[in-house]
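**Student:** generate coordinates for the sequence data below:
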Amino acid sequence: MVTVHRLSFGYLLPRPRAGPYGARDALVRLAQFRRVGLPPLARRKRCLGAQVTYYIDPGTAKGCAVACFGTRGLIGLGRWYMQDGFKAYWGDSAQGPSLWEMPQIYPRGPGSTPAQITATANDLIVLSAHGSACATYLSYGRGGTRAVLPRQWKKQASKPAHHLRVLPCLTAPEVTLLVEAYGKPLDVLVSYITAASRAVGMRQTPSYGAQITDLLDAIALGLWDTNRLRV
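**Tutor:** Residues are numbered from 1 along each chain as shown. Next up is the predicted model:
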């Protein structure tokens, strides 16, 4: 017996003003949101069946992070699990085309053992399987799927530095979605990303594994594909 999971998304946000693009100081954007205030979710307009595109950052145990974009920008976030199907945070929506980040194998240093290289390659195979399955599930019969390698869209930027570029590109309604997914105030998120970016700049290895980071990757992929993020 095949179980068909109904996708949940699709609260269409009010039309956002053209936001700033490129790498800007996220703290300046944060000050703007503090001054203006974040719009409550109640202001969104229900729009079932709107054309959507899904952007996927593959994952295994914690699921694939999914950002749902409509014609007016980010309208939802969610996770897809190989065993349980789709679990969205907000709304309802139909299937649509998708773009997912295909994992890429990078050369390892001279100190890497064959066992380490094999383990890494096997992990990436599993990650690719989850990503492609998620993309197929969300897009079946609705426009197909595309895949992009990390170096093709975000170059060599570290994850924290890349996420600092993402925040200034978001409109206030989109930040509302991100903050709700994070479950903590926006300034806590900015401080978390900034601290990790500074650590990378000092050639340290920061602890940067909060679940919000993969959702930021999915959002960044959507911003890049819609020409709102320059890398």
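
**Student:** in the protein, where's the longest strand?
**Tutor:** strand 73-81 (DSSP state E).

**Student:** give me the sheet partners of it and which way each runs.
**Tutor:** Pairing partners of strand 73-81, with direction, according to DSSP bridges: strand 64-70 (antiparallel), strand 85-88 (antiparallel).

**Student:** so residue 155 lies in a helix, does it not?
**Tutor:** No. Counting by DSSP: H, G, I helix; E, B strand; the rest coil, residue 155 is not part of a helix but coil.

**Student:** quick one: list the elements packing against the longest helix along the chain.
**Tutor:** Longest helix of the chain, by residue count under DSSP state H: helix 114-139. Helix 114-139 is packed against strand 53-57, strand 64-70, strand 73-81, strand 85-88, strand 98-101, strand 145-148, with contacts defined by 3 or more Cβ pairs under 8 Å, 6 or more residues apart in numbering; DSSP states H and E. For glycine as for every other residue, the C-beta is placed from the backbone atoms N, C-alpha and C.

**Student:** can you count the residues close to the closest residue to residue 66 other than its chain neighbours?
**Tutor:** Counting by Cβ to Cβ, 6 or more residues apart in numbering, residue 66 lies nearest to residue 78, which is 4.8 Å off, once chain neighbours are set aside. Using other Cβ atoms under 10 Å, residue 78 has 24 neighbouring residues.

**Student:** go ahead and confirm residue 78 touches residue 57.
**Tutor:** No. Residue 78 lies out of contact with residue 57 (Cβ atoms under 8 Å); the separation is 11.7 Å.

**Student:** show me the common contact partners of the two, please.
**Tutor:** residue 66 (Cβ atoms under 8 Å, 6 or more residues apart in numbering).

**Student:** hmm, back to that, going by mean pLDDT, which of the strands paired with strand 73-81 comes out lowest?
**Tutor:** Note on those: strand 85-88 shows the lowest mean pLDDT, a mean of 62.

**Student:** dump the residue contacts of residue 218.
**Tutor:** With contact taken as Cβ under 8 Å, 6+ apart, residue 218 is in contact with 55, 56, 57, 65, 66, 67, 77.

**Student:** does residue 51 really touch residue 71, like I thought?
**Tutor:** Yes. The pair residue 51 / residue 71 is scored as a contact, 6.4 Å apart, by Cβ under 8 Å.

**Student:** what bridges to residue 100?
**Tutor:** residue 56, residue 147.

**Student:** now do the contacts for the nearest residue to residue 219 once chain neighbours are set aside.
**Tutor:** Setting aside the residues directly before and after it, residue 219 is nearest to residue 67 in space (Cβ to Cβ, 6+ apart), at 4.7 Å. Neighbouring residues of residue 67 by Cβ under 8 Å, 6+ apart: 54, 55, 74, 76, 77, 215, 218, 219, 221, 222.

**Student:** what about the last one, how many neighbours?
**Tutor:** Here the count is done by other Cβ under 10 Å, and residue 222 has 24 residues near it.

**Student:** the fourth one too?
**Tutor:** Neighbour count for residue 76, taken as other Cβ under 10 Å: 26.

**Student:** before we move on, what about the first one?
**Tutor:** For residue 54, the number of neighbouring residues by other Cβ under 10 Å comes to 32.

**Student:** same check on the one 3 residues further on?
**Tutor:** For residue 57, the number of neighbouring residues by other Cβ under 10 Å comes to 23.
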